[in-house]
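**Q** pasting the sequence and the predicted coordinates here, then a few questions.
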Amino acid sequence: MAKTALVVGASGIVGSAACSHLSAQGWEVLGLARRPQHQPGIMPVAADLLDAQATKAALAGLAPEIVFICTWLRQDSEAENIRVNAAMVRNLLNALGGATRHVALVTGLKHYLGPFEAYGKGSLPQTPFREDQPRLDVENFYYAQEDELFAAAARDGFSWSVHRPHTIIGKAVGNAMNMGTTLAVYASLCRALERPFYFPGSAMQWNGLTDMTDARLLAAHLLWAAQTPEAANQAFNVVNGDVFRWSWMWGRIADWFGLQPAPFTGEHRPLEVQMAQDEGSWADIAARARLVEPDLSRLASPWHTDADLGRPIEVVTDMSKSRRLGFSLYQPTDEAFFELFTGLQAERLIP
């Protein structure tokens, strides 16, 4: 009989990749979301994790061996982020039966960089970031999620893993943090409207080294950790394995879209400003090209891309712990972008 996995946040970038990977590996997959989307081979589970009783009812009779928590809800303040996202993890873990063997939590590099309200500010650890670096002395909803996970694991006896990707490249409509699709939409707008293709970030990001995480590699890492005894009860950074400078990558992306990148002068040109009036233009482009999503806000998240590309510090992530334990997958980041763009075209999300 197929083993059963529960993917929480199944319609998001990470969750949808995890569902696809698990299904391909022969797992029976339960895909939990507030409003589950149709995913071939995935059993939908509808639940609002902020409602403890409804979550318990939705999971009644289900016995997943492993659980992947790939979801969060952005709030207006970090205090609210902590309250809401800790409650979601707590309600989920309280509702699970005793059959669960392993729970994986996906967080990110805000573990090292700080939450949105203090992002990249104050005293930060040196790069490359390593998993054994201590928490920052600041409130952070990632820490609150971890603490709920650790407490439930101690109570219920399951093993756990925490996965900290850098900026994720993947496909999901309506996702709050989606650089790949945001850049694809921005490039499509620049091409259609004959606007300059400006790099929207800081000089540090243009010139400094960075790395990223393909959602498919992250999905493989989640399952690897759940099946590797030596990986139990540990936190892991998860990145593609290469490093690059945006001064190189920007030209690669421009070439894919048939654009000539505008020269970078050091001037900060945030996408939130550049794309502020583009809702109507995107709707027109979608109508002409017969795209399936005319709502720009469901494809692009300029605020999040601006946060990543506007950082005043170099961000590189160490993945030695996973390598030492045997995880060897590697994904060139430029190819991850190109494969995403090809997929977006194939599904008529960009022209």
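**A** That came through, no problem.
**Q** so where's this structure uncertain?
**A** Across the chain, residues meeting the criterion (pLDDT under 70) sit at 1-2, 118-122.
**Q** mind running it again at 90?
**A** The chain contains residues with pLDDT under 90 at 1-2, 36-40, 74, 97-99, 114-126, 172-177, 311-314.
**Q** helices of that one, residue ranges please.
**A** 13-24, 52-59, 78-95, 110-113, 141-156, 179-193, 203-207, 215-227, 246-256, 271-274, 279-289, 302-309, 320-324, 333-346 (DSSP state H).
**Q** next, format these as a markdown table and append distance to Val173 and mean neighbour count.
**A** (Each C-beta comes from the backbone N, C-alpha and C, glycine too.) Below are those laid out as a markdown table (distance: least, Cβ to Cβ, whole Å; neighbours: other Cβ atoms under 10 Å):
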| stretch | distance to Val173 | mean neighbour count |
| --- | --- | --- |
| helix 13-24 | 10 | 24 |
| helix 52-59 | 23 | 16 |
| helix 78-95 | 21 | 19 |
| helix 110-113 | 23 | 22 |
| helix 141-156 | 24 | 18 |
| helix 179-193 | 8 | 22 |
| helix 203-207 | 26 | 17 |
| helix 215-227 | 14 | 23 |
| helix 246-256 | 20 | 17 |
| helix 271-274 | 18 | 18 |
| helix 279-289 | 13 | 15 |
| helix 302-309 | 15 | 21 |
| helix 320-324 | 30 | 14 |
| helix 333-346 | 10 | 18 |
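**Q** out of those helices, flag the one nearest Lys171.
**A** Closest to Lys171 of those is helix 333-346 (Cβ to Cβ; 5.6 Å).
**Q** so how far is the closest one off the chain centroid?
**A** On the basis of Cα atoms, centre = their mean, to the nearest Å, helix 333-346 sits 16 Å off its chain's mean C-alpha point.
**Q** cool, and stretch 4-12?
**A** Computed by Cα atoms, centre = their mean, the chain-centroid distance of stretch 4-12 equals 13 Å.
**Q** next one: stretch 274-283
**A** From the chain centre to the centre of stretch 274-283 is a distance of 24 Å (Cα atoms, centre = their mean).
**Q** C-alpha coordinates for it, PDB please?
**A** Taking Å, rounded to 0.1, in the frame of the first residue of the first chain, the C-alpha atoms of stretch 274-283 are listed here in PDB:
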ATOM      1  CA  GLN A 274       7.400  50.700 -11.800                       C
ATOM      2  CA  MET A 275       4.300  48.400 -11.800                       C
ATOM      3  CA  ALA A 276       2.000  50.600  -9.700                       C
ATOM      4  CA  GLN A 277      -0.300  51.500 -12.700                       C
ATOM      5  CA  ASP A 278       0.000  48.300 -14.700                       C
ATOM      6  CA  GLU A 279      -3.200  46.500 -13.800                       C
ATOM      7  CA  GLY A 280      -5.000  47.800 -16.900                       C
ATOM      8  CA  SER A 281      -2.000  47.200 -19.200                       C
ATOM      9  CA  TRP A 282      -1.800  43.600 -18.000                       C
ATOM     10  CA  ALA A 283      -5.500  43.000 -18.500                       C
END
